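1. quick one, what's the 3D model for this:
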Amino acid sequence: WTATSEMAEEACAYIRSLIRDMYDAAVSEKVRIQYGGSVKPGNIAELLAMPDIDGALIGGASLDPEAFVMMATAAIRD
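-> This is a model prediction of the structure:
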């Protein structure tokens with residue numbers, strides 16, 4: 001199965017809360033947390049819209065050049 005964007009956000013938010021507890025809020029906000037689950041053209045925009053997901057680790061989908069370009073384009077933030 002594939003995690004939903006909400007499930008991925010929950011995991012990343014938990015990691016950020018652990019960092020906040022170990023250090024402080026300023027440090028936890030500076031740490032970039034990347035989601036490394038199933039990232040595809042169809043879900044990358046939704047994943048990257050989550051507040052605690054700062055990036056994505058793209059695996060097998062990166063082997064398809066067209067899919068990779070679509071994901072890179074979706075990751076561009078203004």
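
2. any idea how far residue 1 is from residue 56?
-> 18 Å (Cβ to Cβ, to the nearest Å). Bear in mind the C-beta positions are built from the backbone N, C-alpha and C, glycine included.

3. who's more crowded, those two?
-> It is residue 56, of residue 1 and residue 56, that has more neighbours when counted by other Cβ atoms under 10 Å, with 21 against 5.

4. pLDDT score for the residue nearest to the more buried one when sequence neighbours are not counted?
-> Once flanking residues are discounted, residue 56 sits nearest to residue 39: 4.4 Å by Cβ to Cβ, 6 or more residues apart in numbering. pLDDT for residue 39: 93.

5. again with residue 78
-> 58.

6. repeat that for residue 1.
-> For residue 1, pLDDT reads 78.

7. report the contact partners of it.
-> By Cβ atoms under 8 Å, 6 or more residues apart in numbering, the contact set of residue 1 is empty.

8. does residue 32 touch residue 55 like I think?
-> Yes. Applying Cβ atoms under 8 Å, one finds residue 32 in contact with residue 55, separated by 6.0 Å.

9. comparing those two, which residue is more hemmed in?
-> Shown here are residue 32 and residue 55; by other Cβ under 10 Å, residue 55 has more neighbours (14 against 7).

10. helices along this structure, start to end?
-> Along the chain, the segments classed as helices by DSSP state H run 5-22, 25-30, 44-48, 65-75.
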